[in-house]
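> Based on what follows, work out the 3D shape:
(2 chains)
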Protein chains: 2
Amino acid sequence: MSEPGTSRDELGLTVWFTGLSGAGKSTLSTALAAELRHRGRRVEVLDGDVVRENLSRGLGFSKEDRDTNIRRIGFVADLLTRNGVTVLVAAISPYRAVRDEVRATIGRFLEVHVDCTLDELTRRDVKGLYARALAGEIENFTGVSDPYEAPLEPEVRVDTSVETPAESLARVLAAVEAYDRPHGLAAQA
Amino acid sequence: MSEPGTSRDELGLTVWFTGLSGAGKSTLSTALAAELRHRGRRVEVLDGDVVRENLSRGLGFSKEDRDTNIRRIGFVADLLTRNGVTVLVAAISPYRAVRDEVRATIGRFLEVHVDCTLDELTRRDVKGLYARALAGEIENFTGVSDPYEAPLEPEVRVDTSVETPAESLARVLAAVEAYDRPHGLAAQA
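Numbering: from 1, shown residues only, chains lettered A, B, ... in the order given. Next comes the predicted model:
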(Lines give C-alpha, C1' and ligand atoms only; values in the text may rest on other atoms or scores of the structure.)
Protein backbone atom coordinates (compact mmCIF):
# COMPACT_ATOMS: atom_id res chain seq x y z
CA MET A 1 0.00 0.00 0.00
CA SER A 2 1.18 3.54 -0.73
CA GLU A 3 1.00 6.31 1.85
CA PRO A 4 -2.31 8.11 2.04
CA GLY A 5 -1.98 11.63 0.74
CA THR A 6 0.41 10.81 -2.09
CA SER A 7 -0.95 11.65 -5.49
CA ARG A 8 -1.21 7.99 -6.36
CA ASP A 9 -3.95 7.88 -3.80
CA GLU A 10 -5.59 11.09 -4.97
CA LEU A 11 -9.25 10.62 -4.22
CA GLY A 12 -11.71 10.80 -7.05
CA LEU A 13 -15.15 12.29 -6.84
CA THR A 14 -18.19 12.39 -9.07
CA VAL A 15 -19.91 15.76 -9.27
CA TRP A 16 -23.31 15.09 -10.81
CA PHE A 17 -25.17 18.00 -12.39
CA THR A 18 -28.87 17.30 -12.84
CA GLY A 19 -31.51 19.67 -14.16
CA LEU A 20 -33.62 20.64 -17.14
CA SER A 21 -32.27 21.19 -20.62
CA GLY A 22 -30.78 24.68 -20.92
CA ALA A 23 -30.51 25.23 -17.16
CA GLY A 24 -26.73 25.55 -17.37
CA LYS A 25 -25.33 22.08 -16.58
CA SER A 26 -22.81 21.97 -19.43
CA THR A 27 -21.70 25.58 -18.95
CA LEU A 28 -21.19 25.05 -15.26
CA SER A 29 -19.39 21.73 -15.64
CA THR A 30 -17.06 23.13 -18.30
CA ALA A 31 -16.18 26.12 -16.11
CA LEU A 32 -15.69 23.90 -13.07
CA ALA A 33 -13.43 21.56 -15.08
CA ALA A 34 -11.15 24.47 -15.94
CA GLU A 35 -10.97 25.61 -12.31
CA LEU A 36 -10.21 22.13 -11.01
CA ARG A 37 -7.58 21.40 -13.65
CA HIS A 38 -5.94 24.68 -12.72
CA ARG A 39 -5.77 23.36 -9.16
CA GLY A 40 -3.97 20.26 -10.38
CA ARG A 41 -6.79 17.74 -10.37
CA ARG A 42 -7.36 15.07 -12.97
CA VAL A 43 -10.77 15.94 -14.44
CA GLU A 44 -13.10 14.36 -16.99
CA VAL A 45 -16.40 15.81 -18.13
CA LEU A 46 -19.08 13.31 -19.12
CA ASP A 47 -21.66 15.35 -20.95
CA GLY A 48 -25.01 13.67 -21.48
CA ASP A 49 -25.15 14.42 -25.20
CA VAL A 50 -21.61 13.22 -25.86
CA VAL A 51 -22.08 10.08 -23.81
CA ARG A 52 -25.28 9.26 -25.63
CA GLU A 53 -23.37 9.39 -28.88
CA ASN A 54 -20.58 7.15 -27.59
CA LEU A 55 -22.31 4.73 -25.26
CA SER A 56 -26.02 4.86 -25.90
CA ARG A 57 -26.76 5.39 -29.55
CA GLY A 58 -30.03 3.65 -30.27
CA LEU A 59 -31.53 4.41 -26.88
CA GLY A 60 -34.54 6.71 -26.80
CA PHE A 61 -36.18 8.81 -24.12
CA SER A 62 -38.56 6.39 -22.43
CA LYS A 63 -38.04 6.04 -18.68
CA GLU A 64 -36.35 2.68 -19.23
CA ASP A 65 -33.96 3.99 -21.88
CA ARG A 66 -33.15 7.09 -19.85
CA ASP A 67 -32.40 4.93 -16.82
CA THR A 68 -30.16 2.67 -18.90
CA ASN A 69 -28.29 5.70 -20.21
CA ILE A 70 -27.78 7.02 -16.66
CA ARG A 71 -26.55 3.62 -15.45
CA ARG A 72 -23.98 3.57 -18.26
CA ILE A 73 -22.75 7.04 -17.35
CA GLY A 74 -22.64 5.88 -13.74
CA PHE A 75 -20.61 2.79 -14.68
CA VAL A 76 -17.99 4.93 -16.41
CA ALA A 77 -18.01 7.61 -13.70
CA ASP A 78 -17.42 4.90 -11.09
CA LEU A 79 -14.42 3.46 -12.95
CA LEU A 80 -12.86 6.91 -13.21
CA THR A 81 -13.72 8.02 -9.68
CA ARG A 82 -12.13 4.97 -8.09
CA ASN A 83 -8.98 5.76 -10.04
CA GLY A 84 -8.63 9.24 -8.62
CA VAL A 85 -10.40 11.27 -11.29
CA THR A 86 -12.84 14.09 -10.54
CA VAL A 87 -15.70 13.32 -12.90
CA LEU A 88 -18.16 16.03 -13.82
CA VAL A 89 -21.39 14.56 -15.18
CA ALA A 90 -23.81 16.91 -16.91
CA ALA A 91 -26.99 15.00 -17.68
CA ILE A 92 -30.67 15.85 -17.28
CA SER A 93 -31.08 12.59 -15.34
CA PRO A 94 -34.72 13.28 -14.47
CA TYR A 95 -35.39 10.24 -12.28
CA ARG A 96 -34.47 10.30 -8.62
CA ALA A 97 -34.26 6.55 -8.06
CA VAL A 98 -31.57 5.91 -10.66
CA ARG A 99 -29.58 8.96 -9.54
CA ASP A 100 -29.64 7.56 -6.00
CA GLU A 101 -28.66 4.13 -7.30
CA VAL A 102 -25.63 5.63 -9.04
CA ARG A 103 -24.77 7.63 -5.92
CA ALA A 104 -24.81 4.44 -3.85
CA THR A 105 -22.55 2.64 -6.34
CA ILE A 106 -19.99 5.41 -6.62
CA GLY A 107 -19.94 6.48 -3.00
CA ARG A 108 -17.89 9.62 -3.47
CA PHE A 109 -20.69 11.61 -5.04
CA LEU A 110 -21.76 15.22 -4.90
CA GLU A 111 -25.10 16.10 -6.46
CA VAL A 112 -25.69 19.55 -7.88
CA HIS A 113 -29.22 20.50 -8.77
CA VAL A 114 -29.00 23.10 -11.53
CA ASP A 115 -32.39 24.65 -11.06
CA CYS A 116 -34.05 27.25 -13.26
CA THR A 117 -37.66 28.30 -13.68
CA LEU A 118 -39.53 27.11 -16.73
CA ASP A 119 -40.36 30.77 -17.50
CA GLU A 120 -36.68 31.61 -17.69
CA LEU A 121 -35.85 28.49 -19.73
CA THR A 122 -38.62 29.35 -22.17
CA ARG A 123 -37.30 32.91 -22.40
CA ARG A 124 -33.73 31.74 -23.15
CA ASP A 125 -34.68 28.77 -25.32
CA VAL A 126 -31.30 28.75 -27.05
CA LYS A 127 -32.12 25.71 -29.18
CA GLY A 128 -35.80 26.58 -29.70
CA LEU A 129 -36.76 23.33 -28.02
CA TYR A 130 -39.04 24.74 -25.33
CA ALA A 131 -41.22 26.52 -27.90
CA ARG A 132 -41.59 23.26 -29.81
CA ALA A 133 -42.17 21.20 -26.68
CA LEU A 134 -44.79 23.63 -25.38
CA ALA A 135 -46.48 23.48 -28.78
CA GLY A 136 -46.76 19.73 -28.27
CA GLU A 137 -44.22 18.90 -30.98
CA ILE A 138 -41.74 16.99 -28.79
CA GLU A 139 -42.72 13.94 -26.84
CA ASN A 140 -40.78 13.08 -23.70
CA PHE A 141 -39.40 16.58 -23.25
CA THR A 142 -38.30 16.82 -19.62
CA GLY A 143 -40.10 19.51 -17.66
CA VAL A 144 -42.80 19.94 -20.28
CA SER A 145 -44.11 16.61 -21.52
CA ASP A 146 -41.99 14.33 -19.31
CA PRO A 147 -41.40 14.39 -15.54
CA TYR A 148 -38.44 15.87 -13.72
CA GLU A 149 -37.89 14.67 -10.17
CA ALA A 150 -35.81 17.28 -8.37
CA PRO A 151 -33.27 16.01 -5.84
CA LEU A 152 -34.61 16.13 -2.28
CA GLU A 153 -31.26 16.75 -0.63
CA PRO A 154 -28.64 17.72 -3.18
CA GLU A 155 -25.29 18.77 -1.76
CA VAL A 156 -25.65 21.99 -3.77
CA ARG A 157 -28.60 23.66 -5.42
CA VAL A 158 -27.96 26.56 -7.73
CA ASP A 159 -30.71 28.61 -9.33
CA THR A 160 -29.49 29.99 -12.62
CA SER A 161 -32.61 32.11 -13.06
CA VAL A 162 -31.41 34.36 -10.22
CA GLU A 163 -27.67 33.68 -9.81
CA THR A 164 -24.93 34.69 -12.22
CA PRO A 165 -22.79 31.88 -13.68
CA ALA A 166 -19.85 33.09 -11.57
CA GLU A 167 -21.93 32.89 -8.39
CA SER A 168 -23.13 29.37 -9.18
CA LEU A 169 -19.61 28.27 -10.07
CA ALA A 170 -18.16 29.66 -6.85
CA ARG A 171 -20.71 27.74 -4.76
CA VAL A 172 -20.10 24.42 -6.52
CA LEU A 173 -16.34 24.89 -6.37
CA ALA A 174 -16.55 25.57 -2.64
CA ALA A 175 -18.55 22.37 -2.13
CA VAL A 176 -16.04 20.31 -4.12
CA GLU A 177 -13.13 21.75 -2.17
CA ALA A 178 -14.92 21.17 1.13
CA TYR A 179 -15.86 17.59 0.24
CA ASP A 180 -12.97 15.90 2.02
CA ARG A 181 -12.43 18.48 4.70
CA PRO A 182 -14.55 16.91 7.48
CA HIS A 183 -12.93 13.51 6.88
CA GLY A 184 -9.50 15.11 6.92
CA LEU A 185 -10.14 16.80 10.25
CA ALA A 186 -11.62 13.65 11.74
CA ALA A 187 -8.56 11.69 10.71
CA GLN A 188 -6.32 14.13 12.55
CA ALA A 189 -8.41 14.15 15.74
CA MET B 1 2.44 21.15 -14.80
CA SER B 2 3.77 18.48 -12.47
CA GLU B 3 7.14 16.88 -12.99
CA PRO B 4 7.18 13.90 -15.28
CA GLY B 5 7.78 10.76 -13.33
CA THR B 6 5.64 11.71 -10.35
CA SER B 7 2.80 9.31 -9.81
CA ARG B 8 0.29 11.98 -10.77
CA ASP B 9 1.70 11.65 -14.24
CA GLU B 10 1.78 7.87 -14.17
CA LEU B 11 1.23 6.84 -17.75
CA GLY B 12 -1.71 4.69 -18.58
CA LEU B 13 -1.75 1.92 -21.13
CA THR B 14 -4.39 -0.27 -22.71
CA VAL B 15 -3.46 -3.93 -23.03
CA TRP B 16 -5.95 -5.41 -25.45
CA PHE B 17 -6.43 -9.20 -25.45
CA THR B 18 -8.10 -10.46 -28.60
CA GLY B 19 -8.82 -14.05 -29.53
CA LEU B 20 -11.44 -16.76 -29.74
CA SER B 21 -13.80 -17.68 -26.93
CA GLY B 22 -12.06 -19.98 -24.47
CA ALA B 23 -8.54 -19.14 -25.67
CA GLY B 24 -7.59 -17.72 -22.27
CA LYS B 25 -8.14 -13.94 -22.51
CA SER B 26 -9.95 -13.58 -19.18
CA THR B 27 -7.61 -15.90 -17.33
CA LEU B 28 -4.57 -14.09 -18.64
CA SER B 29 -5.96 -10.61 -17.98
CA THR B 30 -6.96 -11.52 -14.43
CA ALA B 31 -3.52 -12.92 -13.70
CA LEU B 32 -1.82 -9.91 -15.28
CA ALA B 33 -4.00 -7.54 -13.23
CA ALA B 34 -2.81 -9.16 -10.02
CA GLU B 35 0.84 -8.91 -11.08
CA LEU B 36 0.55 -5.25 -12.08
CA ARG B 37 -1.34 -4.24 -8.93
CA HIS B 38 1.37 -5.93 -6.92
CA ARG B 39 3.84 -3.64 -8.72
CA GLY B 40 1.84 -0.60 -7.64
CA ARG B 41 -0.05 0.19 -10.83
CA ARG B 42 -3.65 1.32 -11.01
CA VAL B 43 -5.37 -1.44 -13.00
CA GLU B 44 -8.86 -1.99 -14.37
CA VAL B 45 -10.03 -5.08 -16.23
CA LEU B 46 -12.71 -4.55 -18.84
CA ASP B 47 -13.99 -8.02 -19.62
CA GLY B 48 -16.09 -8.33 -22.75
CA ASP B 49 -18.92 -10.17 -21.05
CA VAL B 50 -19.12 -7.74 -18.13
CA VAL B 51 -18.94 -4.72 -20.39
CA ARG B 52 -21.70 -6.08 -22.60
CA GLU B 53 -23.91 -6.31 -19.54
CA ASN B 54 -23.12 -2.75 -18.42
CA LEU B 55 -22.72 -0.83 -21.65
CA SER B 56 -24.15 -2.85 -24.49
CA ARG B 57 -27.20 -4.76 -23.37
CA GLY B 58 -29.47 -5.06 -26.37
CA LEU B 59 -26.64 -5.31 -28.86
CA GLY B 60 -26.28 -8.59 -30.73
CA PHE B 61 -23.46 -10.27 -32.62
CA SER B 62 -23.77 -8.84 -36.12
CA LYS B 63 -20.62 -7.15 -37.38
CA GLU B 64 -22.19 -3.75 -36.77
CA ASP B 65 -23.22 -4.54 -33.20
CA ARG B 66 -19.86 -6.12 -32.42
CA ASP B 67 -18.08 -3.04 -33.75
CA THR B 68 -20.31 -0.77 -31.66
CA ASN B 69 -19.55 -2.83 -28.58
CA ILE B 70 -15.80 -2.59 -29.25
CA ARG B 71 -16.01 1.18 -29.79
CA ARG B 72 -17.75 1.53 -26.42
CA ILE B 73 -15.07 -0.49 -24.69
CA GLY B 74 -12.51 1.64 -26.51
CA PHE B 75 -14.19 4.86 -25.35
CA VAL B 76 -14.00 3.76 -21.71
CA ALA B 77 -10.48 2.36 -22.06
CA ASP B 78 -9.34 5.69 -23.52
CA LEU B 79 -10.82 7.70 -20.63
CA LEU B 80 -9.04 5.47 -18.12
CA THR B 81 -5.76 5.24 -20.01
CA ARG B 82 -5.38 9.01 -20.31
CA ASN B 83 -5.87 9.21 -16.55
CA GLY B 84 -2.97 6.92 -15.77
CA VAL B 85 -4.75 3.59 -15.51
CA THR B 86 -3.45 0.35 -17.01
CA VAL B 87 -6.56 -1.07 -18.65
CA LEU B 88 -6.74 -4.74 -19.50
CA VAL B 89 -9.40 -5.44 -22.10
CA ALA B 90 -10.42 -9.05 -22.68
CA ALA B 91 -12.77 -9.17 -25.66
CA ILE B 92 -13.01 -11.47 -28.67
CA SER B 93 -12.97 -8.34 -30.89
CA PRO B 94 -12.86 -10.33 -34.13
CA TYR B 95 -12.57 -7.45 -36.59
CA ARG B 96 -9.20 -5.93 -37.35
CA ALA B 97 -10.40 -2.54 -38.57
CA VAL B 98 -12.20 -1.56 -35.39
CA ARG B 99 -9.32 -2.83 -33.24
CA ASP B 100 -6.98 -0.61 -35.23
CA GLU B 101 -9.41 2.29 -34.91
CA VAL B 102 -9.41 1.91 -31.13
CA ARG B 103 -5.62 1.61 -31.13
CA ALA B 104 -5.34 4.89 -33.03
CA THR B 105 -7.70 6.65 -30.61
CA ILE B 106 -6.00 5.45 -27.46
CA GLY B 107 -2.41 5.71 -28.65
CA ARG B 108 -0.83 3.91 -25.72
CA PHE B 109 -1.98 0.47 -26.80
CA LEU B 110 -0.48 -2.98 -26.65
CA GLU B 111 -2.26 -5.74 -28.53
CA VAL B 112 -2.03 -9.32 -27.34
CA HIS B 113 -3.27 -12.04 -29.65
CA VAL B 114 -4.36 -14.93 -27.46
CA ASP B 115 -4.13 -17.65 -30.05
CA CYS B 116 -5.22 -21.25 -29.71
CA THR B 117 -6.04 -23.93 -32.25
CA LEU B 118 -9.66 -24.77 -32.91
CA ASP B 119 -8.85 -28.42 -32.13
CA GLU B 120 -7.66 -27.48 -28.67
CA LEU B 121 -10.61 -25.13 -28.06
CA THR B 122 -13.00 -27.89 -29.09
CA ARG B 123 -11.22 -30.31 -26.77
CA ARG B 124 -11.45 -27.91 -23.78
CA ASP B 125 -14.92 -26.55 -24.59
CA VAL B 126 -15.53 -25.52 -20.98
CA LYS B 127 -18.94 -24.03 -21.71
CA GLY B 128 -19.95 -26.61 -24.33
CA LEU B 129 -20.25 -23.82 -26.89
CA TYR B 130 -17.93 -25.24 -29.54
CA ALA B 131 -19.84 -28.50 -29.73
CA ARG B 132 -23.07 -26.57 -30.23
CA ALA B 133 -21.52 -24.15 -32.72
CA LEU B 134 -19.97 -27.00 -34.73
CA ALA B 135 -23.37 -28.70 -34.74
CA GLY B 136 -24.74 -25.54 -36.37
CA GLU B 137 -26.75 -24.51 -33.34
CA ILE B 138 -25.12 -21.10 -32.76
CA GLU B 139 -25.12 -18.42 -35.38
CA ASN B 140 -22.35 -15.83 -35.35
CA PHE B 141 -20.00 -17.96 -33.28
CA THR B 142 -16.54 -16.53 -33.84
CA GLY B 143 -14.09 -19.00 -35.37
CA VAL B 144 -16.82 -21.43 -36.39
CA SER B 145 -19.75 -19.64 -38.02
CA ASP B 146 -18.37 -16.08 -37.86
CA PRO B 147 -15.00 -14.68 -38.95
CA TYR B 148 -11.99 -13.98 -36.78
CA GLU B 149 -9.39 -11.63 -38.22
CA ALA B 150 -6.12 -12.29 -36.41
CA PRO B 151 -3.89 -9.27 -35.75
CA LEU B 152 -1.17 -8.89 -38.37
CA GLU B 153 1.40 -7.33 -36.05
CA PRO B 154 0.33 -7.72 -32.43
CA GLU B 155 2.90 -6.60 -29.87
CA VAL B 156 2.59 -10.06 -28.31
CA ARG B 157 1.20 -13.32 -29.58
CA VAL B 158 0.73 -16.14 -27.13
CA ASP B 159 -0.40 -19.61 -28.14
CA THR B 160 -2.24 -21.22 -25.26
CA SER B 161 -2.44 -24.56 -27.05
CA VAL B 162 1.30 -25.00 -26.56
CA GLU B 163 2.33 -22.58 -23.78
CA THR B 164 1.46 -22.90 -20.11
CA PRO B 165 -0.51 -20.02 -18.55
CA ALA B 166 2.60 -19.01 -16.57
CA GLU B 167 4.66 -18.82 -19.76
CA SER B 168 2.07 -16.70 -21.55
CA LEU B 169 1.71 -14.43 -18.52
CA ALA B 170 5.47 -13.91 -18.26
CA ARG B 171 5.69 -12.86 -21.90
CA VAL B 172 2.82 -10.37 -21.67
CA LEU B 173 4.15 -8.96 -18.41
CA ALA B 174 7.57 -8.46 -19.98
CA ALA B 175 6.01 -6.57 -22.89
CA VAL B 176 4.03 -4.31 -20.55
CA GLU B 177 7.10 -3.56 -18.47
CA ALA B 178 9.17 -2.88 -21.60
CA TYR B 179 6.52 -0.62 -23.11
CA ASP B 180 8.01 2.69 -21.92
CA ARG B 181 11.61 1.65 -21.78
CA PRO B 182 12.75 2.91 -25.21
CA HIS B 183 11.04 6.27 -24.58
CA GLY B 184 12.59 6.47 -21.13
CA LEU B 185 16.09 5.91 -22.48
CA ALA B 186 15.55 8.41 -25.29
CA ALA B 187 14.43 11.04 -22.79
CA GLN B 188 17.67 10.66 -20.86
CA ALA B 189 19.90 10.87 -23.92
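
> The closest residue to residue A:52 other than its chain neighbours is in what secondary structure piece?
Among residues not flanking residue A:52 along the chain, residue A:69 sits closest, at 6.3 Å (CB to CB, 6 or more residues apart in numbering or on different chains). All C-beta spots, glycine's among them, are computed from the backbone N, C-alpha and C. Residue A:69 belongs to helix A:63-81 when assigned by DSSP states H and E.

> Quick check: mean pLDDT of that helix?
What helix A:63-81 shows for mean pLDDT is 96.

> Next, the buried residues of that helix.
Residues of helix A:63-81 classed as buried by neighbour count (16 or more other CB atoms under 10 Å in any protein chain shown): A:66-81.

> Pull the distance from it to the chain's centre.
Its chain's C-alpha centre lies 12 Å from the corresponding centre of helix A:63-81 when counted by CA atoms, centre = their mean, to the nearest Å.

> which residues touch that helix?
A:12-14, A:16, A:44, A:46, A:48, A:51-52, A:55-56, A:59, A:87, A:89, A:91, A:93-95, A:98-99, A:101-102, A:105-108, B:44, B:54-55, B:57, B:76, B:79-80, B:83 (CB atoms under 8 Å, 6 or more residues apart in numbering or on different chains).

> what helices or strands is the helix or strand that that helix is followed by leaning on?
For helix A:63-81, the following helix or strand on the C-terminal side (DSSP H and E) is strand A:86-90. With contacts defined as 3 or more CB pairs under 8 Å, 6 or more residues apart in numbering or on different chains; DSSP states H and E, strand A:86-90 has these neighbours: strand A:13-18, helix A:25-38, strand A:43-47, helix A:63-81.

> got the angle for strand A:86-90 vs strand A:43-47?
Going by axes from the mean of the first three to the mean of the last three CA atoms, to 10 degrees, strand A:86-90 is angled at 20 degrees with respect to strand A:43-47.

> Pairing partners for strand A:86-90, with directions?
Pairing partners of strand A:86-90, with direction, according to DSSP bridges: strand A:13-18 (parallel), strand A:43-47 (parallel).

> Please identify the most buried of the ones you listed.
strand A:13-18 (a mean of 28; mean count of other CB atoms under 10 Å in any protein chain shown).

> the inter-axis angle of that one versus helix A:25-38?
Using the same axes, to 10 degrees: strand A:13-18 against helix A:25-38 is 160 degrees.

> Contacts for strand A:13-18, please.
Contacts for strand A:13-18 (CB under 8 Å, 6+ apart): A:25, A:28-29, A:32, A:77-78, A:80-81, A:86-94, A:99, A:102-103, A:106, A:108-114, A:151, A:154, A:172, A:176, A:179.

> Stretch A:167-183 too?
By CB under 8 Å, 6+ apart, the list of residues contacting stretch A:167-183 reads A:11, A:13, A:15, A:24, A:28, A:31-32, A:35-36, A:86, A:108, A:110, A:112, A:114, A:155-156, A:158, A:160, A:163.

> Flag the shaky bits of chain A, pLDDT-wise.
Across chain A, the ranges flagged by pLDDT under 70 are A:1-9, A:182-189.

> let's see it at 50
Residues of chain A meeting the criterion pLDDT under 50: A:1-7, A:184, A:186-189.

> what does it have sitting close to chain B?
Within reach of chain B by CB under 8 Å from any CB of the partner chain, chain A has these residues: A:2, A:6-8, A:10, A:40, A:42, A:44, A:54-55, A:57-58, A:68, A:71-72, A:75-76, A:79-80, A:83-85.

> Now stretch A:169-182: buried residues?
For stretch A:169-182, using 16+ other CB under 10 Å, the buried residues are A:169, A:171-173, A:175-176, A:179.

> Kindly report the same for stretch A:148-160.
Neighbour-count burial for stretch A:148-160 [16+ other CB under 10 Å]: A:148, A:151, A:154-160.

> now swap in stretch A:116-136 and tell me
Buried residues in stretch A:116-136 (16+ other CB under 10 Å): A:116, A:121-122, A:125, A:129-130, A:133.

> what's the span of that stretch, first residue to last?
Stretch A:116-136 has its terminal residues 21 Å apart, counting by CA to CA, to the nearest Å.

> chain center to that stretch: distance?
21 Å.

> ok, and what's touching it?
A:19-24, A:138, A:141, A:143-145, A:159-161.

> can you list those in CSV and add secondary structure?
Listed next are the contacts of stretch A:116-136 as CSV, based on DSSP: H, G, I helix; E, B strand; the rest coil:
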residue, secondary structure
A:19, coil
A:20, coil
A:21, coil
A:22, coil
A:23, coil
A:24, coil
A:138, coil
A:141, coil
A:143, coil
A:144, coil
A:145, coil
A:159, strand
A:160, coil
A:161, coil
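
> Tell me the most packed of those residues, by neighbour count.
residue A:19 (30 neighbours; other CB atoms under 10 Å in any protein chain shown).

> so that residue makes contact with residue A:113?
Yes. With contact defined as CB atoms under 8 Å, residue A:19 counts as touching residue A:113 (6.0 Å).

> okay, now residue A:139: neighbour count?
Close neighbours of residue A:139, defined as other CB under 10 Å, add up to 12.

> Touching, it and residue A:145? I think so.
Yes. At 5.9 Å, residue A:139 and residue A:145 qualify as touching, with contact defined as CB under 8 Å.

> Residue A:112 should be in a helix, yeah?
No. Under three-state DSSP, residue A:112 sits outside any helix and is assigned strand.

> which residues does it contact?
A:15-18, A:28, A:154-158, A:172, A:175.

> On the strand side of things, show who it bridges to.
residue A:17, residue A:156.

> What separation is there between it and chain B?
As judged by CB to the nearest CB, to the nearest Å, residue A:112 and chain B stand 21 Å apart.
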